[in-house]
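1. Pasting a predicted model and its sequence here:
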Amino acid sequence: MLERKKSGSMVCPGCGRLISVNAPSCIHCGRKNPGLWGWGPSLSRWLADFRGLAPSLTVACIALYVISLALDLSAILHPRGMLSFLSPGMESLDRMGMTGRYAISHGRWWTLLTAVYLHGGILHILFNVMWLRQLGYMVEELFGTGRAFIIFTVSGVTGFMLSVAMGSMFTLGGSGAIFGMLGSLIYYGRKRGGDFGSALYRQVGAWAIMAFVFGFLFPNIDNWAHFGGFAGGFVISALMGIRETRREKKAIALAAGALAAVTLLCFLLAVIRPH
C-alpha cells in the first residue's frame, strides 16, 4: 500500500544520498522534488516488487492473456464449463500464437515461442503465475538474470517440441518453462552439494514430483510439455553452469538479449501472418 511520508529522511533517487523527504530539491545533485511530496519512498518500495525477471514475465503473461480475451469477448460470455471460465476463444488464441501439430504443419514455427506466454483460462494462468513467482526469483538468484531467461525460454520451446512430436494438435502455456525451472534448480542442488545444495535438491525434487503427479490427475494437461521442459531446463543449466562457479559473462547477456528480440519477432510474425 502506498503511504505518504510527511517527515524524516530518504535516499535521493538521483544521487543515492540522504536528504529530507520534504526537500524542494536535492542539496547534493539538485534534483527537483525528489520526495514527490512525500510519496517517493513508498512508491520506490512498491516499484521494487516489480523488478526482476519473474515480475517481468508475469506482467507479459497477464497482458497477453487480457489481449487474447479482448480479441473475442463472445467467448467470455459463453463459457464451456467451470474450468473454461474466462477462457479466450480458440480463434483468438490461434491468432496470438498457440502452437501444436496443427500450427507447425502450417509452417508457424514461431508458435513454439509465442505459446509459452499464452494461457487458456483464468485457472491456467493463475497456477502458472504462482509457480513462476515461486521459482523465478530462486532461479534468477542462483543462475543470474541472463541464464534464468535462457532457461525459461529454452525449456518452454523444448517442452512444446516434445509435445508436438508426441501428437498434440493444440497446446499453450508457460508450464513447460516452469518445469524447466524445476529442472534447473535440481541441477543446481546436485552441482553445488553441501547442506544448502542437498536441502534445495530435496525440496525442489518434492515440488517436481508433486507437479508431475498433479498433471496426471487433471484432464487436458500437456504432460509431454512438462517432461520436455524439465529435461530442457536441466540440460541447458548444465551447459551454462551456475553463478557460483561460472560468472555470467557478456556472451550470456547477449544470448538472453537475442532470445528476447527473437521472442518479440515471433509475436510480430503471429500478428502479421495471414489469417
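-> On my side now, so go ahead.

2. residues in contact with the residue lying closest to M240 once chain neighbours are set aside?
-> Distance criterion Cβ to Cβ, 6 or more residues apart in numbering; nearest residue to M240, sequence neighbours excluded, is R147 at 5.2 Å. No exception for glycine: its C-beta is placed from N, CA and C like everyone else's. By Cβ atoms under 8 Å, 6 or more residues apart in numbering, the residues touching R147 are S237, M240, R243, E248, I252, A256.

3. again, only this time at 10 Å
-> Residues near R147 by Cβ atoms under 10 Å, 6 or more residues apart in numbering: 139-140, 184, 236-237, 240-243, 246, 248, 252-253, 255-256.

4. Mind picking the two most distant members of these?
-> Maximum pairwise distance among the contacts of R147 (Cβ to Cβ): 17.7 Å, between S184 and A253.

5. More neighbours: the two, which one.
-> S184 (33 against 15; other Cβ atoms under 10 Å).

6. give me the number of residues near the nearest residue to the more buried one once chain neighbours are set aside?
-> Spatial nearest neighbour of S184, chain neighbours left out: S237 (4.0 Å); criterion: Cβ to Cβ, 6+ apart. S237 is flanked by 28 other residues according to other Cβ under 10 Å.

7. With V21 instead?
-> V21 has 19 nearby residues by other Cβ under 10 Å.

8. do the same with L18
-> Neighbours of L18 using other Cβ under 10 Å come to 9.

9. Can you tell me how far A206 is from V154?
-> Distance from A206 to V154, counting by Cβ to Cβ, to the nearest Å: 24 Å.

10. Between these two, tell me which one has more neighbours.
-> The residue with more neighbours, out of A206 and V154, is V154; 22 against 10, by other Cβ under 10 Å.

11. Check which helix or strand that one maps to.
-> helix 145-165 (DSSP states H and E).

12. what comes up buried for that helix?
-> 145-164 (16 or more other Cβ atoms under 10 Å).
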